[in-house]
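S.K.: Everything below, folded, please.
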Amino acid sequence: MEQQPAPVPAGGVDTAVETIFRIESPRIIAGVARIVRDVGIAEELAQDALVAALEQWPRDGVPDNPGAWLTATAKHRAIDLVRRRERYARKLEEVGRDLSLSAPHHLDEPSDPDDIDDDLLRLVFTACHPVLSAEARIALTLRLLGGLTTSEIARAFLVPEATVAQRIVRAKRTLATKGVAFEVPYGPEREARLGSVLEVIYLVFNEGYAATAGDDLLRPALCEDALRLARVLAELMPKESEVHALAALLELQESRSAARTGPGGEPVLLGDQQRRRWNRMLIGRGFTALSRADAVATGGPGPYALQAAIAACHARAFAYEDTDWRQIATLYGLLAARAPSPVVELNRAVAVSMAEGPEPALAIVDGLVGEPALRDYHLLPSVRGDLLARLGRTREARTEFERAASLARNERERELLETRARELPET
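M.R.: Coordinates of the predicted model:
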């Protein structure tokens, strides 16, 4: 006789269900979305499976394979929904072998060799579709692939929960009304769409690595979510150089996180960081990912590969004085040619200041003062203030730091800039 799982106290099961669901929800939603062709409905059916687990597991016990149980329950409800639709005959052909929940999951061989047959990858490309705004893509990706609740996303980005909820609802509606296919593009379209996917992960990480607003410089949970998504994407798309390059960049940047703030949460500048606190395991992972990016690259390095190479230069320097600033300035020059932007040029100016001195760097920065995109960007006057201070023009430097502080939305950065302005000599 088959032994039945023993009933478990409800409180412990509820915690287990929520933990398991958070881990498994991206794959559950992805598998269901391939059946119903609608990520909004897929998420609702996944939530239905969660409710069923909360009802049944305290009574019947946690299954041996809880993730498979949740997936099977959600798919069963998806199939019931498809059967109720008028277009059942056509949908039945699309669903294929998924109708048999007890059978292993298989799909027909793709007609194109570039086609990638993976439900989770389909979900990534759907959630990051360029038909959505950047804010909507980020919210939907964190919801569907990161497993974050609406309130968690709202807290991470310091916006009202209602705003995030509205973004997610509108994003799902847009995908449905625009008829966005639940598929992985291939050929030229894949390259274009992949850029949107990488941008979402990059933006999520950056918001965690250097929060644009609020009281804390870092939001570690966002960095962890972005890094996990980058790692998953690298496994799903092993032949895409820029995917590995983005993973490398995030690994190398994250390796410095513990050293970037002091005991009170105050920012610690790169030159003052204790490099023994840099995470050598993450640095090793970053170097490995960068090697993989180089191994599968078919042309010159892309923007993420160049940024990862810059981060690698910092990681190789065991002391700030050992940093190869000339190489970093060269890499920023290549990045400016590959993906020109005022922010890249500002970063190049910083590298030039370390490689050649503050005077040539100031000429670069002065050329950016009129850039509309940098008009309210606090790092422009911050960099200019630093260069002026190094040239002994302290009165002008103080003015720049004060302006930078007035523009900074992050409280920790504002305090640092105000301190730098106060500490300049009066001469």
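
S.K.: quick one: least confident helix or strand in this structure?
M.R.: Of all the helices and strands that make up the chain, helix 88-95 has the lowest average by mean pLDDT, DSSP states H and E, namely a mean of 54.

S.K.: Packing partners of the helix or strand following it?
M.R.: Using DSSP states H and E, the helix or strand that follows helix 88-95 in sequence is helix 119-127. When contacts are defined as 3 or more Cβ pairs under 8 Å, 6 or more residues apart in numbering; DSSP states H and E, helix 119-127 sits against helix 10-36, helix 39-60, helix 134-144, helix 188-209, helix 220-236. All C-beta spots, glycine's among them, are computed from the backbone N, C-alpha and C.

S.K.: relative to helix 134-144, how tilted is helix 119-127?
M.R.: Counting by axes from the mean of the first three to the mean of the last three Cα atoms, to 10 degrees, helix 119-127 lies at 150 degrees to helix 134-144.

S.K.: which residues touch residue 412?
M.R.: Residue 412 makes contacts with 215-217, 261, 265-267, as judged by Cβ atoms under 8 Å, 6 or more residues apart in numbering.

S.K.: can you check residue 349 too?
M.R.: Residue 349 makes contacts with 361-362, 364-365, 368, 383, 387, as judged by Cβ under 8 Å, 6+ apart.

S.K.: measure residue 33 to residue 165 for me?
M.R.: When distance is defined by Cβ to Cβ, to the nearest Å, residue 33 is 20 Å away from residue 165.

S.K.: Give me the more crowded residue out of the two.
M.R.: residue 33 (26 against 16; other Cβ atoms under 10 Å).

S.K.: low-scoring stretches of this protein, by residue?
M.R.: In the predicted model, the chain carries pLDDT under 70 at residues 1-13, 85-117, 427.

S.K.: ok, the nearest residue to residue 407 once chain neighbours are set aside - how many residues close by?
M.R.: Counting by Cβ to Cβ, 6 or more residues apart in numbering, residue 378 is the residue found nearest to residue 407 once chain neighbours are left out, at 3.8 Å. Residue 378 is surrounded by 20 other residues when neighbours are defined as other Cβ under 10 Å.

S.K.: residues in contact with residue 378?
M.R.: 404-405, 407-409, 413, 417.

S.K.: Report the buried residues of stretch 176-193.
M.R.: Residues of stretch 176-193 classed as buried under the neighbour-count rule (16 or more other Cβ atoms under 10 Å) are 180, 182, 184-185, 190, 193.

S.K.: got the end-to-end distance for that stretch?
M.R.: Taking Cα to Cα, to the nearest Å, the span from the opening residue of stretch 176-193 to its closing residue is 18 Å.

S.K.: and what of stretch 293-307?
M.R.: In terms of Cα to Cα, the two terminal residues of stretch 293-307 are separated by 12 Å.

S.K.: quick one: residue 202 and residue 375, what's the gap?
M.R.: In this structure, residue 202 and residue 375 are separated by 23 Å, where distance is defined by Cβ to Cβ.

S.K.: Which one's more surrounded, those two?
M.R.: When residue 202 and residue 375 are compared on other Cβ under 10 Å, the one with more neighbours turns out to be residue 202, at 18 against 10.

S.K.: Now do the same for the closest residue in space to that one that isn't next to it in sequence: helix, strand or coil?
M.R.: If the residues on either side of it in the chain are set aside, residue 202 comes closest to residue 246, at 6.4 Å by Cβ to Cβ, 6+ apart. Reducing the assignment to helix, strand or coil with DSSP: H, G, I helix; E, B strand; the rest coil, the entry for residue 246 is helix.

S.K.: Now do residue 246: how many residues are near it, please.
M.R.: For residue 246, the number of neighbouring residues by other Cβ under 10 Å comes to 31.

S.K.: hang on, isn't it packed against residue 302?
M.R.: No - using Cβ atoms under 8 Å, residue 246 and residue 302 do not qualify as a contacting pair, with a distance of 9.3 Å.

S.K.: With adjacent residues omitted, what lies nearest to residue 418?
M.R.: Distances taken as Cβ to Cβ, 6+ apart put residue 405 closest to residue 418, at 4.7 Å, once the chain neighbours are dropped.

S.K.: Surely that neighbour is in a helix?
M.R.: Yes - with three-state DSSP as the criterion, residue 405 is located in a helix.

S.K.: Tell me who's in contact with it.
M.R.: Residues counted as contacts of residue 405 (Cβ under 8 Å, 6+ apart) are 378, 414, 417-418, 421.

S.K.: Quick check: of those residues, which lies closest to residue 278?
M.R.: Distance from residue 278 was checked for each of those by Cβ to Cβ. The minimum falls on residue 417, at 24.7 Å.

S.K.: And what about the residue nearest to residue 135 when sequence neighbours are not counted, helix, strand or coil?
M.R.: Distance criterion Cβ to Cβ, 6+ apart; nearest residue to residue 135, sequence neighbours excluded, is residue 167 at 5.8 Å. State at residue 167, reduced to three classes by three-state DSSP: helix.

S.K.: 55 is where my numbering starts, stick with that
M.R.: Okay, using 55 as the starting number, the last item reads as residue 221.

S.K.: List the contacts of residue 221.
M.R.: Applying Cβ under 8 Å, 6+ apart as the definition, the contact partners of residue 221 turn out to be 187, 189-190, 193-194.

S.K.: Please pick the buried ones from these.
M.R.: Judged by neighbour count, with buriedness set by 16+ other Cβ under 10 Å, the buried members of the contacts of residue 221 are 190, 193-194.

S.K.: what's near enough to touch the spatially closest residue to residue 354 that is not a sequence neighbour?
M.R.: Beyond its immediate neighbours in the sequence, the residue positioned closest to residue 354 (Cβ to Cβ, 6+ apart) is residue 392, lying 7.6 Å away. Remark: with contacts taken as Cβ under 8 Å, 6+ apart, residue 392 is in contact with 354-357, 360.

S.K.: This completes my enquiry, with thanks.
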